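Colleague: structure for this input, please:
(4 chains, ligands or ions: 4)
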Amino acid sequence: MSAPEPVSPLARHLTAGRYGAPGDAPVYISERQCVLVQLFARKGRGDDVASAMQAGFDLQLPSPGNAASAGEITALWIQPDAWMLVAPRGSEGALAARIKAACGDAGSVVDQTHGRTVLHISGRRAAWVLAKLCRVDLHPSAFGPGRVAVTPVADLACVLHHSDAAPGFDLIVFSSYAVSFLESLTHAALETGYDVA
Amino acid sequence: MIRIDCPYCGPRDEVEFAYRGDATVRRPSADAPADAFYDYVYTRRNPRGWHVEWWHHAAGCRQFLKVVRHTMTHEVRQVAPATTVVDVPSE
Amino acid sequence: MTQRFRTASGGRIDRNRVLRFRFDGRAYEGHPGDTLASALLANGVRLVGRSFKLHRPRGIFSAGTEEPNALAELRSGARREPNTRMTMAELYDGLEAASQNRFPSLRFDLLSLGALAAPVLSAGFYYKTFMWPASFWEKVYEPLIRRAAGLGRAAREPDPDQYETMHAHCDVLVVGAGPAGLAAARVAGAGGARVILCEQDFELGGGLLMEPEHAAWRDETVSALQSMAEVTILPRTTVFGYYDHNVLGAVERVADHVAAPLPNTPRQRYWTIRAKTVVLATGAHERLIAFPGNDRPGVMLAGAAQAYATRFGVKAGARALLFANNDAAYDSLFALQDAGVAIAGAVDPRPESAGASAARARGISVWADSEIAGTSGGTALHGAHVRRRGGAGTDTAVVADLLCVSGGINPAVHLASQSRTPLRWNEALATYVPGVPVLAQHSAGAAAGVTGIAEAAADGAKAGAAALGAAAPAIPLPTGTTADARVLPIWEVKARGKAFVDIQDDVTTDDIRLAHREGYKHIEHAKRYTTHTMGTDQGKTGGIVGAAVLAEARGERVQDVGLPTFRPFATPVTWGAIAGAHVGKHFAPTRRTALHEWHVRNGAEFMDAGQWLRPAYYPIPTDTDAWESVLREARAVRRAVGICDVSTLGKIDVQGRDAATFLDRLYTNTFSTLAVGRARYGLMLREDGIVFDDGTTSRLAEDRFFVTTTTVNAAAVMAHMEFHLQTAWPDLDVQLASVTDQWAAMSIAGPKTRDTIARIVDGIDLSNGAFPFMAVGDGTVQGRPVRVFRISFSGEMAYEIATPSGYAEQVWNAVLAAGREFGITPYGVEALGLLRIEKGHVAGSELNGQTTAADLGLARMLKKRGDFIGRTLAQRAGLTDTGRPTLVGLRAARRDEKLRAGAHLVEPGSTTSHGWITSVTRAVEIEGWIGLAMLRGGAQRIGTRMHATFPLKGEVVEVEIVSPYFVDPENQRVRA
Amino acid sequence: MRYSGLRLLTQALTGNRGWTPAWRDPQPKRAYDVVIIGGGGHGLATAYYLAKEHGITNVAVLEKGPIGLGNTGRNTTIVRSNYLLPENHNFYEWSLKLWEGLEQDLNYNAMVSQRGVLNLFHSDGARNAAARRGNAMRLDGIDAELLDKEQVRAYCPLIDVDNGRFPVMGGLLQQRGGTARHDAVAWGFARAADARGVDIIQHCEVTGIDVEGGRVTGVQTTRGPIRAGRIGLAVAGNTSRLAQMAGLDVPMESHVLQAFVSESVKPLVDQVITFGAGHFYISQSDKGGLVFGGGLDGWNTYAQRGNLPVVEHVWAAGIAMMPSLSRLRGLRQWGGVMDMTFDGSPIIARTPVAGLYMTAGWCYGGFKATPGSGWCHAWTIAKDEPHRLNAAHTLERFRDGRLLDERGNGPFPWLQ
Ligand SMILES: Cc1cc2nc3c(=O)[nH]c(=O)nc-3n(C[C@H](O)[C@H](O)[C@H](O)COP(=O)(O)OP(=O)(O)OC[C@H]3O[C@@H](n4cnc5c(N)ncnc54)[C@H](O)[C@@H]3O)c2cc1C
Ligand SMILES: NC(=O)c1ccc[n+]([C@@H]2O[C@H](COP(=O)([O-])OP(=O)(O)OC[C@H]3O[C@@H](n4cnc5c(N)ncnc54)[C@H](O)[C@@H]3O)[C@@H](O)[C@H]2O)c1
Ligand SMILES: Cc1cc2nc3c(=O)[nH]c(=O)nc-3n(C[C@H](O)[C@H](O)[C@H](O)COP(=O)(O)O)c2cc1C
Ligand SMILES: [Zn+2]
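Modeller: Ligands and ions are numbered 1, 2, ... in the order given. As a prediction, the model looks like this:
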């Protein structure tokens, strides 16, 4: 029996095609299939978790407002002594287990792979479209590649990661709101037009 | 719009936060008399001036922050992590 | 001939293109660059509206946002938009507008006959009459008043257009793109700042637009700004409010200059702008002078007449007379003369002035030391009476169809004042200017009392530099000399007839004096008593004039009387714009479980639970009504097996060394004694001793718990936990993660549950011995991880299966397949409610924030030892009073009678309520309707009968008071 | 001078020159039997009923600014008595009865307009709560009706019953509820109290309360000290500050509530409607402006101004309820400082300081209480004991746990 495939809440909601205004600067919207693991350092064990992650994954846990990557894993700071680790889809629960094994009782680990959905928006006007929904300043002088903001987008809790310079942004939202979120995002993108890959 | 400079996340709009009232009252110990709990829950100075208050960065880093804010001007003078001891400005 | 009043040349309109439009059904033509007002004036239309109270004829008074009179209903049907300032409405081809507040027509308005009664309709007259008979107010007087009042008519259908929000951040926000704003923006932009420049007009330039000689500087500055990457220019954008922390609100009219927005484009966009520094270059509004007949169509602000001539290429009249107390206004008159308007002369209260000399040099006759004591004409001005100041000598009748008035200028200090910048009296201009700001803000140009193009631009550049806070680059500035804006402060000409200080609301100088006489002497009292400054223009042209009249009555100086508070909206903005995209189904986000689409495909009827959508029930074709579905589903659970999506329950992963200690303090019961692999029902109080929430908590490891909360309280419980963890017990080692969305959960309940799920759950021995009631374990279903809980809300043998939500549908389908032979039935929230009521489990209707644990029969859950939240205050006398209502069960005495939640329990024949029904249902376990209720002396009344009365429907039902546990009170089934 | 249509006519014929001040502007005396602090509706009504019902006329109302510009002058004017708890609805019903005869009593047209107040609900739970409330009212003889969805549609066609995010299920209607002209209420009470000898002293801020041996003796003001045998506080959002002058910390916080008025339009909304799926309520003033508001900004403040987040929510909720309002324009926005208690219900009571009384804690609902509050406060001051109608509205109830928490929100004033 092959490994069961989880179903994304957006599975039936993202249909490839071009939508909205026909201009020449559309944004591109897609879903990313990821493994998400929430890692906490236990009280007073920040250093231990940091060195465990360094040793086990060669990953330096980022400071507030930032992301850091090592290999396929990207760590996003989400709250004091807590990070969201993002990696490409792999076997169920495996990454969480590896991290827990590495951190031991210095860390608490919670698999959130199914609890969150990751959308990606890119294109020259991506920040402009996001500014309709997002209250933080996305200007290069205030934000930029490698930066992370935990902030509501379209009134929904979101981890916003400026993931690539293109520019491109990852938007990590609660799965139960994913459809609602997508509706707001695509509505905001009607004016530039958007392309679903 | 109140803007609160979260020590972790940076300046954010008030909508990201949930207000949680006077931060100068402290939960009494378990053996404290009922009056102490009464004061903790109900008695408020409610100052017209500087107020030290809790704001929960609910849509951000999930931290309860101590915010020193003026209740007439709404100026925010200090935003600190929950365990920080903050002084109420005299002016 | 169309456009009779168009000048031969000049102006910023595109004469090569013609736009057609209609006003009150008649067709006219105008040009791109026109406003509705300028186009109407070009066509010689003078009468455009009726005043608020007296229905007097009104014409176009200004050329901007300050317009009190020229308000129209724009567009039609669902797009009808009342009270649109014609002076701001950009002309487009096909525009349709109608005058308002008149019946049956603008020219013959029956309600204007009411003006005959004008002396009775003095300020505040309605407070003194209409009191007899009392019942006539709602039936007769008020409807009459209401029908006569009001201005335009609102649309009655939903708005077909879209609106949007936009969030912006900048170093420098410049409000207003006149010379001051343009210069400020350019300096700040050239200095490298992120700049946003908002201009409410469709063209940038402000006062420059009516000064052709400065067009070159304007054009060069605008293109310089356009070339700066960090400068955002927003025309058609009104900054409406200045809020705390330098946050300003603005509305951009994206598509109001076309008949309807393009597809994919919003009509308007609401901007929230967070600015490090703000430059207010909002210019000034010219003010009126109160003289009798100053409201007649044809009376116009001098600057406006100039704007029509030089910007729009329109002669606002054929023969113009000026009444002004300052030199600057003469420039307007000269501009009219240059545009080919015949000049009747100038009336100046000053004995001598530079303006007057200049006028005479241009061959214009000047009545110095004079004033205008009245106007003549019907619905259009025919002339004015000029007399010596104070009324000496005889009046001269001057023929003119355009009377340009200038009483000086009022800097547009609205936004500054909203931001708590104090206002300062400026003697030379006899008006208020901004004082020292409180926030990071600069006022510049006419907004700061600095008039003249060159001066304003220089002042703007200075403000731009100050905002930049760094060495400011030099920019080219316009040069030139400007007429003196200083005034001789005259506010009113006292002569026979109505002299208006608020033209829209028909407030006269006599009204102000009457208010004073009656004791409404404070400016805010006078405002409210007379309605002065309360119209759509908020007294922009006459506010200070009314204050001056009041000051005179009080024997004080104007500056000692003050002005009414400046409030948002500096200019009114569209309601829909602020609502943005949050309309219709998008008013609030929708939360869906991982099984949502299965529910949709299987015909579920949904209901809202907070933001969640939950299946209420799943009708099948043979169900004749909803109850039949619900009863069918519930029976399936009681008799065989059912499955219900319970993913919406809040789930919190609690880890850490001190996790158990923490839960002990949060819950009224103890969790530190719970064994790994076991679950326990927990009750949480608020600190005031009232029940907050309940749910089951499972111990997954020594240092790890899985907490569930009620659906509606999930977020509140999480915040409650974080609050206490971070503020009261920061020493505890506990980590909290919301895993509500990570885990989908389904409750499988009924006697055939074990038989069903044992077929598919691997890795757990589900036998009663190995996995008893309240056991928890991890396993798999067809290779998908699951966590199984042996808990029950329905009162039946039940298991809850949680699975990572991406597998929800697969696991759900596996259970359905396994249970098919038992007739497994999906059940919704309605059946769930039925089952829990039969079982006597409390839920939201009982946990309503007003009940204690004892009220709900849960007193035994309060541990005797150790602290927990709410312990102390729960013991207050009022909360332990034995007279409090407590939980009981009810049955309709006649089994076929329906019970209703919200009914009250009374003794037969009495109206004294002893309690109320919280939840009801038709039962499946027993016959008829049952319910739960909160009843005083509940325990003692069990076995008695009472009346459940529902006066709202005139219903009374006899009920038996019974134990709330209708089903299996011994908990045999759940342990089976 | 008595007001009437005839007087209006005769005055009109003589140029309206004969009108006299609605109330005098006296100098403060050195001492009064009773000093009422706060010249809002509640303070003025207290003074009026002290004089009218109890014959106590040596009374001063001290107001720091001009009268009636506190919450009385900035509220959305809704009057109703549709409360759940008997302690509350019986009190408010008495107040509503006073409203019904107020104009004739005061000889001032306060434009009490019983146009109906409809509270919408959108869920079974909310319907049941509305039914419980309406039935409770009916049992105590107060009018209430339960409308279903179709009746709501018929009652007010502008309401979007079906298409919203939270469709309307029905509403609880009180036909006798409605609005009154806020300013006129203050002015009418002032004029009527003045006519009975009460001194209304404006621009007189109380800066201290003198207490000797646990009993009040007078006040310090910006216009000098004034002795008083009894003192009644009616200062709304400033109650904490005034109570502290007498050494009391009260269970109250000050919060801002915003209100809005649209540009004036022809009659559109003929009733008072409150939305049940968000914070929004609306009525139309006689001038034609749609007067609307919503919830608190939600943090302690003494400033009479609010902020954009609440504007956004309230306006969006407005469009959700009545989509056709979308193209109207907002004209003005302001705020008032609310005296929020920890259970959302008022306090009309004696205090631990002898001779000091208060009517306070009105939250955002005290305008409708104006006559009733003044009436009960006057009774409590005159007799040094509460009337039956305000017996439960004590200061001690918080300590005793006898809370009057209508909505079960708990001790969080910003959520009440
Ligand atoms: C936006 C808004 C909407 C509302 N809507 C409604 C509604 O629809 N229905 C309803 O029933 N209620 C409503 N309310 C509540 C209602 O307005 C108030 O509860 C009520 O008006 C309070 O009246 P008051 O006389 O107690 O207070 P106020 O009118 O505020 O009077 C208190 C007075 O005390 C004075 N004062 C304060 N300190 C001192 C001092 N030291 N010395 C002297 N004087 C002092 C103040 O200047 C003020 O004039 C609303 C309130 C607001 C702000
Ligand atoms: N109205 C008059 O009659 C009058 C009076 C004095 C001065 N002036 C002239 O005004 C000029 C002074 O230059 P200035 O730059 O100080 O003023 P300005 O009047 O040229 O420019 C102000 C600009 O701000 C815009 N504005 C105002 N409030 C706004 C808001 N809330 N949101 C967005 N835009 C807003 C206006 O539309 C205008 O374009 C000179 O030409 C002077 O002669 C005119
Ligand atoms: C019921 C009601 C109706 C109002 N209608 C108007 C109106 O038509 N025009 C107006 O300018 N203001 C109106 N206002 C607002 C007042 O002008 C004023 O803003 C408010 O009373 C608060 O006072 P303040 O702004 O002086 O602080 C209204 C206020 C209320 C309470
Ligand atoms: Zn934060």
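
Colleague: hang on, C:Ala324 packs against C:Ile409?
Modeller: No. Shown here, C:Ala324 and C:Ile409 do not form a contact pair, counting by Cβ atoms under 8 Å, at 11.1 Å. Glycine gets a C-beta too; all of them are placed from N, C-alpha and C.

Colleague: between these two, which one's more packed in?
Modeller: Higher neighbour count among C:Ala324 and C:Ile409: C:Ala324, with 28 against 24, using other Cβ atoms under 10 Å in any protein chain shown.

Colleague: and the strand or helix carrying C:Val549, anywhere near ligand 3?
Modeller: Assessed by DSSP states H and E, C:Val549 sits inside helix C:543-554. No. Helix C:543-554 lies apart from ligand 3 when judged by Cβ under 6 Å from any ligand atom; the minimum separation is 10.7 Å.

Colleague: buried sites along that helix?
Modeller: Residues of helix C:543-554 classed as buried by neighbour count (16 or more other Cβ atoms under 10 Å in any protein chain shown): C:Gly543, C:Ile544, C:Val545, C:Gly546, C:Ala547, C:Ala548, C:Val549, C:Leu550, C:Ala551, C:Glu552, C:Ala553.

Colleague: residue contacts, the first one?
Modeller: Spelled out, that is C:Gly543. C:Asn410, C:Val501, C:Asp502, C:His532, C:Thr533, C:Leu563, C:Pro564 (Cβ atoms under 8 Å, 6 or more residues apart in numbering or on different chains).

Colleague: just C:Thr880 next, same as before
Modeller: Residues near C:Thr880 by Cβ under 8 Å, 6+ apart: C:Thr852, C:Ala854, C:Ala874, D:Gly401.

Colleague: return a ChimeraX selection command for the buried portion of the residues you listed.
Modeller: Provided next is the ChimeraX selection string for whichever of the contacts of C:Thr880 are buried by 16+ other Cβ under 10 Å:
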select /C:852,854,874 /D:401
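
Colleague: now, which of the contacts of C:Thr880 sits nearest B:Ala30?
Modeller: Nearest to B:Ala30 out of the contacts of C:Thr880 is C:Ala874 (Cβ to Cβ; 13.5 Å).

Colleague: that closest one - that's part of a strand, no?
Modeller: No. Going by DSSP: H, G, I helix; E, B strand; the rest coil, the assignment for C:Ala874 is helix, not a strand.

Colleague: thought it was touching C:Asp855?
Modeller: No. Counting by Cβ under 8 Å, C:Ala874 stays clear of C:Asp855, with 10.8 Å between them.

Colleague: list the buried residues of stretch C:721-736.
Modeller: C:721-728, C:732-736.

Colleague: what does the pLDDT read for residue 52?
Modeller: Because you didn't say which chain, this covers chain A. You'll see A:Ala52 listed with a pLDDT of 98.

Colleague: um, chain B though
Modeller: With respect to pLDDT, B:Val52 has a value of 98.

Colleague: give me the nearest residue to it, chain neighbours excluded.
Modeller: Spatial nearest neighbour of B:Val52, chain neighbours left out: B:Ala23 (4.8 Å); criterion: Cβ to Cβ, 6 or more residues apart in numbering or on different chains.

Colleague: on that earlier part again, nearest to D:Thr380, of the buried residues of helix C:543-554?
Modeller: For the buried residues of helix C:543-554, the nearest to D:Thr380 is C:Leu550 (39.2 Å; Cβ to Cβ).
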